[in-house]
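**Student:** How does the following fold in three dimensions:
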Amino acid sequence: MTTAVIALEHFEDEARRLAAAIEGEFLPYAPDVFERAFAGYDRIVALMSAGIAVRKCAPLLATKWRDPAVVVVSPDLRFAVPVLGGHHGANDLAREIGAAIGAVPVISTATEALGRPCVEGVAAATGTVIANPPSTLPVNAAMLDGDVPVYTVGGPAIIVASSAVSVLVRGGEYVVGVGCRRGVPAAAVEAAIRSALAEAGVGQDEVLVYATTEKKRDEPGLRDGVAALGGVLLCLPDRTINALTPPSPSRAGLIGLVGVAEPAVLALARRGELVLKKHVYGDVTVAIGR
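**Tutor:** Here you go, the predicted model:
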């Protein structure tokens, strides 16, 4: 994990000491320093006023699932304030800074401030990845009000869950989006996915999750085809699918969707990156991203 410590010239000595204490790299302030830090580091410490850091970071924000964690340290080194990605490393970084130089970590994420667990914390503790990131909003809100049950399910199994259920899985970083015609056999789905994985150079064990539309929830060929690969299939709501703009044209407009395979990938892929655009294999369409 790489850490950049950014400071104005006046605070260079303090910044260098802080960088050494947390095994970071000092970057002197320059007009483009935040752009470079966002592109090249996992964590950013801004030793400056919060206003400067916030204004410089704002134009660079994409999603909390990909943006680096950002902590502002006050110029007197008394406070370490996570301003971006609290649940995604910034809170831990603030505590690390506190342990290193005695700064007070100022934690504002509701669950941690109130001493409650959060989905991201459960994922970190179990060595899993949150397959459906939008679910963290309702689940973390529920965790503020009381205990939320955590179930461990071994396979083979099928779980029918709402969008307010966080699914934590162990696996790789790739998301496979799948669409199909009604009545397609499971063998055709399995063969199509295997072909797409081979074409993309992605191993089966590198797949985090398979995804499709909720309109295919009762499609046995799709369900059984993914199960034959030992995968987890998530069925996404229409509003999630239609919030994306897939790069390839689709006939899914006939069922009220902007697409299936590509938007399903883009909805869940952490980097928001398609490594294989939609390919058609008979009655099955497959896209892959990460």
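**Student:** all strands for the chain, in order.
**Tutor:** With DSSP state E applied, the chain shows strands at 3-7, 25-28, 43-47, 69-73, 79-84, 104-105, 129-130, 168-169, 174-180, 207-213, 233-236, 274-281, 284-289, listed in chain order.
**Student:** what's the closest of these to residue 117?
**Tutor:** Put simply, out of those the one that sits nearest residue 117 is strand 168-169, at 12.8 Å, with distance taken as C-beta to C-beta. Any C-beta I mention is one placed from the backbone N, CA and C, and that applies to glycine too.
**Student:** Determine the set of other helices and strands touching the closest one.
**Tutor:** Strand 168-169 sits against helix 119-126, strand 129-130, with contacts defined as 3 or more C-beta pairs under 8 Å, 6 or more residues apart in numbering; DSSP states H and E.
**Student:** closest to residue 33 out of the ones you listed?
**Tutor:** Of all those, the one in closest proximity to residue 33, counting by C-beta to C-beta, is helix 119-126 (27.9 Å).
**Student:** which residues make contact with the closest one from outside it?
**Tutor:** 87-88, 111, 129-130, 135-136, 139-140, 143, 150, 166, 168 (C-beta atoms under 8 Å, 6 or more residues apart in numbering).
**Student:** Most neighbours of all the residues you listed, which one?
**Tutor:** residue 166 (25 neighbours; other C-beta atoms under 10 Å).
**Student:** Just put the strands of the chain in a markdown table and tack on mean pLDDT and distance to residue 162.
**Tutor:** Written out in a markdown table, the entries for the strands of the chain read as follows (pLDDT from 0 to 100; distance: least, C-beta to C-beta, whole Å):
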| stretch | mean pLDDT | distance to residue 162 |
| --- | --- | --- |
| strand 3-7 | 98 | 38 |
| strand 25-28 | 97 | 44 |
| strand 43-47 | 98 | 34 |
| strand 69-73 | 98 | 30 |
| strand 79-84 | 97 | 29 |
| strand 104-105 | 97 | 35 |
| strand 129-130 | 87 | 15 |
| strand 168-169 | 86 | 16 |
| strand 174-180 | 95 | 20 |
| strand 207-213 | 92 | 15 |
| strand 233-236 | 89 | 11 |
| strand 274-281 | 96 | 27 |
| strand 284-289 | 96 | 24 |
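**Student:** Out of those, flag the one nearest residue 161.
**Tutor:** Distances from residue 161 to each of those were compared using C-beta to C-beta; the minimum, 8.8 Å, belongs to strand 233-236.
**Student:** Remind me what the closest one packs against, helices and strands.
**Tutor:** In terms of contacts (3+ C-beta pairs under 8 Å, 6+ apart), strand 233-236 is packed against strand 207-213, helix 220-228, helix 261-268.
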